[in-house]
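Chemist: sequence unavailable; structure follows:
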């Protein structure tokens with residue numbers, strides 16, 4: 001007889017019998033307590049229970065999706081604010097609405113995404129927790145990939161929801177918009193976000209504190225467009241993926257123009273993740 005079966009027997013010292021419903025709850029609670037908390041589930045709980053997802057919702061769908069509305073009704077907004085001396089721009093279209101969204105999501109949303117990922121990848125920031133995690137993992141990638149993947153998935157979901165809202169807004173506010181170009185814009189923007197989070201992983205390979213990791217990744221993103229000063233590198237430098245939606249909607253670029261930059265973004269992200277796994281796995285606490 002297992003130790004769980006004894007819960008339904010009469011107690012010798014009291015003469016009472018446990019109620020079946022209470023016994024079921026006790027067995028269920030014990031069973032839940034025995035279930036191990038996996039690394040992937042732990043990272044999901046880290047995002048959901050700490051309410052970090054609310055910052056992503058604020059940075060992407062809430063504030064970002066307000067951009068096309070502001071562009072469409074800029075005249076009424078300026079009149080409401082009493083800005084009589086300000087002349088609003090004319091002939092604003094879907095590309096300007098997309099630009100307004102990318103400006104907000106590329107700044108506020110990006111800062112939230114970098115900060116959340118930096119906090120997740122600061123494995124050795126607290127020595128006590130670092131010892132706890134390192135003594136319960138067998139492979140180096142278990143210290144990095146679950147943390148990075150869950151954070152990146154949360155960022156991508158928030159961005160996808162915001163892009164869907166902007167898609168509907170562009171159709172409703174500016175008329176017919178190419179759905180194919182919107183999908184390409186969303187894909188390129190997603191690759192740029194993943195590359196930016198890869199920069200965080202690369203910074204975490206050398207730094208320990210979340211603030212330092214965040215600052216290094218942000219500085220790397222700021223300096224990333226410098227190779228565009230050399231003309232042969234302009235088609236390969238991946239920072240232009242973040243604003244690809246604007247150029248696609250106004251007709252100045254085609255999706256094929258971003259093929260080389262997309263390839264570089266994917267390879268750079270994979271290389272930075274590999275560096276983080278290699279360095280963090282061999283780092284001394």
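Modeler: Now that the structure is in, tell me what you want to look at. No experiment lies behind these values; they were computed from the predicted model shown.

Chemist: when you work out contacts or count neighbours from here on, use the C-alpha atoms and nothing else.
Modeler: Will do.

Chemist: which residue ranges of this structure form strands?
Modeler: Counting by DSSP state E, the chain has no strands at all.

Chemist: quick one, longest helix in it?
Modeler: helix 145-174 (DSSP state H).

Chemist: helices or strands up against that helix?
Modeler: helix 39-49, helix 52-57, helix 66-72, helix 94-104, helix 110-121, helix 179-204 (3 or more Cα pairs under 8 Å, 6 or more residues apart in numbering; DSSP states H and E).

Chemist: what comes up buried for that helix?
Modeler: 145-152, 154-156, 158-167, 169-170, 173 (16 or more other Cα atoms under 10 Å).

Chemist: run the chain-centre distance for that helix.
Modeler: The chain centroid and the centroid of helix 145-174 are separated by 9 Å, computed with Cα atoms, centre = their mean, to the nearest Å.

Chemist: now do that helix and helix 110-121, the angle between them.
Modeler: Going by axes from the mean of the first three to the mean of the last three Cα atoms, to 10 degrees, helix 145-174 is angled at 160 degrees with respect to helix 110-121.

Chemist: which residues sit in contact with residue 171?
Modeler: residue 177 (Cα atoms under 8 Å, 6 or more residues apart in numbering).

Chemist: that one and residue 198, how far apart?
Modeler: 33 Å (Cα to Cα, to the nearest Å).

Chemist: likewise for residue 41?
Modeler: 21 Å.

Chemist: give me the more crowded residue out of these two.
Modeler: residue 198 (27 against 12; other Cα atoms under 10 Å).

Chemist: the more buried one touches residue 273, doesn't it?
Modeler: Yes. At 6.2 Å, residue 198 and residue 273 qualify as touching, with contact defined as Cα atoms under 8 Å.

Chemist: residue 235: neighbouring residues, count only.
Modeler: Residue 235 has 15 nearby residues by other Cα under 10 Å.

Chemist: looking at the closest residue to residue 241 other than its chain neighbours now. What's its pLDDT?
Modeler: Closest residue to residue 241 apart from its sequence neighbours, by Cα to Cα, 6 or more residues apart in numbering: residue 188 at 5.2 Å. Residue 188 is assigned a predicted lDDT (pLDDT) of 93.

Chemist: do the one 3 residues further on as well
Modeler: Residue 191 is assigned a predicted lDDT (pLDDT) of 94.

Chemist: next, the angle from the longest helix of the chain to helix 39-49.
Modeler: 50 degrees.

Chemist: quick one: work out the angle between helix 145-174 and helix 179-204.
Modeler: Using the same axes, to 10 degrees: helix 145-174 against helix 179-204 is 150 degrees.

Chemist: pLDDT (mean, whole number) over helix 145-174?
Modeler: On average, helix 145-174 scores 90.

Chemist: try stretch 219-236
Modeler: Stretch 219-236 comes out at a mean pLDDT of 87.

Chemist: what are the buried residues along that stretch?
Modeler: Buried, per 16+ other Cα under 10 Å, within stretch 219-236: 220, 228, 234, 236.
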